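# Could you look at this predicted model? Sequence included:
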Amino acid sequence: MSEFSHYEADQSALYSGGHHQDASSVESKGKVKKIWMVTGILTIVTIVEVGLGLYGHSVGMPKSMINTFFILLTLFKAGYIVKVFMHLGDEFKNMILTILIPLTLFIWFIIAFLMDGSFWLWINHYFGIR
Amino acid sequence: MSTVAVESNKKIWGGGQSPFNLSYGKIMMWYFLMSDAFTFGAFLISYGTTRFFSAIWPDANSVFRSFPYCGEMNLPLMFVSLMTFILILSSVTMVLAVHAGHCRDKKGVIKWMVWTIIGGIAFLSCQAWEWMHLYAEDAWWGSFRNGAGAEALPHFFKHDVDPTLFASGGADAAHKFFNFFFTITGFHGAHVASGVVINIIILLNTINGTYEKRGHYEMVEKVGLYWHFVDLVWVFVFTCFYLL
């Protein structure tokens, strides 16, 4: 009875009790260490991105190659933020899938809309509109 | 499928507990953030479509080349890199506040929430400076405040831009670029501003001992999710606007 009354009132009391830990424990210190390690990774990736943006052109790297690096590095950063900072990596697999599966729509959105944009540019050239 | 899996499945979805082992509020925060991701995605994809449609486009290294108190020095992308770093750091201090909450360490939560709020305000101040700087260069929503045509705008483009394309489409491309710039960074800035307000409310609740009495700091986790999302969106805005 007590459990169910709790369930109807403040659910979060049931589901946030799991991770209580001692601030000075080894586990806690390991987690804090991991947070700072990820901070370092994100900072380095950002510096690499800016470096690529500034000097990639001057050494004559093709634009498509630089852009591929940018997109891969961005997805790498986004993955770390969601997995470690937002703790999505610690949730149930079903929960993770209900977030990730709808987001796969973006694959279609990006391909369809960018193709549409370049088609209109091409057809305007073809008919000499600009 | 084995019978064990079926049985455990029934147990998980049989009621009386959360199948995802999460509270309602946290699940709904995740789904809100997912829907918000589609809103930001729609903005950024329409930016991409317009850019693919345009034969000519402003060069980010030329538009974003200034740094406060450095006058006419050419410092492409330095200021926005600083802004990105500030937002990443405020995300770090937020995750440390969430961790302190797991440990029920009230002082830790207060300390890291204060740093997060400072980081958010610092980011907003940087964005205000960047907006004011571009406004001073007559860029704004719609068209340029001084009614400038392409002939007055070459400093926003690459030096080796095709002169024919520039004369016919330069002004139009610059208008579209700044419309998207102010709309998308403005929408993101509104998220940061509301995040700062919510963080302040959570900080006050923490100071008042609300979560200590409640026995857990889940509210810190929930605003933490929102705050990290704002950082996450900035990672994509940074790539789409300043790098690609």
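Yep, that arrived. Numbers count the residues shown, from 1 in each chain, chains lettered A, B, ... in the order given.
# show me the contacts for A:Ile96.
For A:Ile96, the contacting residues are A:88-89, by C-beta atoms under 8 Å, 6 or more residues apart in numbering or on different chains. Where you see a C-beta, it was placed from the backbone N, CA and C, and this is true even at glycine.
# Check which helix or strand it maps to.
Applying DSSP states H and E as the criterion places A:Ile96 in helix A:93-103.
# same deal with A:Ile41?
Going by DSSP H and E, A:Ile41 is part of helix A:26-55.
# what are the phi and psi values for B:Phe238?
Per-residue torsions, B:Phe238: phi -60, psi -50 (degrees, to the nearest 10).
# Would you mind measuring from A:Arg112 to chain B?
Just so we're on the same page, residue A:112 is Ala rather than Arg. For A:Ala112, the distance to chain B equals 9 Å [C-beta to the nearest C-beta, to the nearest Å].
# contacting residues around the residue in chain A that chain B sits nearest to?
Residue of chain A nearest chain B, by C-beta to the nearest C-beta: A:Gly117 (3.1 Å). Neighbour list for A:Gly117: B:48-53 [criterion: C-beta under 8 Å, 6+ apart].
# now B:Ile117
B:Ile117 touches B:196, B:199-200, B:203, counting by C-beta under 8 Å, 6+ apart.
# which stretches of chain B form helices?
B:3-13, B:24-53, B:60-63, B:78-102, B:106-136, B:163-207, B:210-214, B:218-237 (DSSP state H).
# Which among these is found nearest to A:Gly79?
Among these, helix B:218-237 comes nearest to A:Gly79, with 10.1 Å by C-beta to C-beta.
# In contact with residue 40, which residues?
Going with chain A. With C-beta under 8 Å, 6+ apart, A:Gly40 has no contacts at all.
# You answered for a different chain; I wanted chain B.
B:184, B:187-188, B:233, B:236-237.
# One more: B:Phe79?
By C-beta under 8 Å, 6+ apart, the contact set of B:Phe79 is B:64, B:66-68, B:126, B:129-130.
# Now for B:Trp115, how many residues are close by?
17 (other C-beta atoms under 10 Å in any protein chain shown).
# Touching, it and B:Ile86? I think so.
No - the pair formed by B:Trp115 and B:Ile86 falls short of the contact definition of C-beta atoms under 8 Å, at 11.3 Å.
# Can you flag the buried ones in the contacts of B:Phe40?
Buried members of the contacts of B:Phe40, counted by 16 or more other C-beta atoms under 10 Å in any protein chain shown: B:184, B:188, B:233, B:236-237.
# can you list the domains in chain A?
For chain A, automatic domain parsing gives the domain ranges A:26-90, A:91-130.
# what's the most buried one of those domains?
domain A:26-90 (a mean of 15; mean count of other C-beta atoms under 10 Å in any protein chain shown).
# Now the terminal residues of it, how far apart.
19 Å (C-alpha to C-alpha, to the nearest Å).
# Mean pLDDT per helix and strand in chain B: which one sits at the bottom?
The helix or strand of chain B with the poorest confidence is helix B:3-13; it has a mean of 63 (mean pLDDT, DSSP states H and E).
# burial of B:Asn208, as a residue count?
10.
# quick one, phi psi at it?
Dihedral pair for B:Asn208: phi -70, psi -10, per degrees, to the nearest 10.
# what pLDDT does it get?
Per-residue confidence (pLDDT) for B:Asn208: 96.
# same thing with the one 3 residues further on?
B:Tyr211 is assigned 92 on the pLDDT scale.
# do you know how far it is from chain A?
Taking C-beta to the nearest C-beta, one finds B:Tyr211 at 10 Å from chain A.
# thought that residue was touching B:Ala100?
No - the criterion here is C-beta under 8 Å, and B:Tyr211 misses it with B:Ala100 at 11.1 Å.
# higher neighbour count, these two?
B:Ala100 (24 against 19).
# Hmm, A:Ser28 and that one touching each other?
No - B:Ala100 is not in contact with A:Ser28 according to C-beta under 8 Å; the separation is 9.4 Å.
# now the closest residue to chain A within chain B: how far from A:Leu121?
Closest residue of chain B to chain A, C-beta to the nearest C-beta: B:Phe52 (3.1 Å). The gap separating B:Phe52 from A:Leu121 is 6 Å, by C-beta to C-beta, to the nearest Å.
# B:Gly170 too?
15 Å.
# Also B:Asn199?
Counting by C-beta to C-beta, the gap from B:Asn199 to A:Leu121 is 43 Å.
# residue contacts, the residue minimising distance to the centre of chain A?
Nearest to the mean C-alpha position of chain A, by C-alpha atoms, centre = their mean, lies A:Ala78 at 2.2 Å. Residues in contact with A:Ala78 (C-beta under 8 Å, 6+ apart) are B:232, B:235-236.
# ok, and the closest non-adjacent residue to B:Asn146?
Residue nearest to B:Asn146 in three dimensions, not counting chain neighbours: B:Asp138, with 4.6 Å by C-beta to C-beta, 6 or more residues apart in numbering or on different chains.
# Could you figure out how far the helix holding A:Ile96 is turned away from helix B:24-53?
30 degrees (axes from the mean of the first three to the mean of the last three C-alpha atoms, to 10 degrees).
# how about the CA coordinates for helix A:93-103, as CSV?
Output of helix A:93-103 as CSV, limited to C-alpha atoms (Å, rounded to 0.1, in the frame of the first residue of the first chain):
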residue,chain,number,x,y,z
LYS,A,93,17.5,0.3,-23.9
ASN,A,94,13.8,0.7,-24.7
MET,A,95,13.9,4.3,-23.4
ILE,A,96,16.9,5.1,-25.5
LEU,A,97,15.2,3.7,-28.6
THR,A,98,12.0,5.8,-28.1
ILE,A,99,14.3,8.8,-28.3
LEU,A,100,16.6,7.7,-31.1
ILE,A,101,14.2,6.1,-33.6
PRO,A,102,12.1,9.2,-34.2
LEU,A,103,15.3,11.2,-34.7
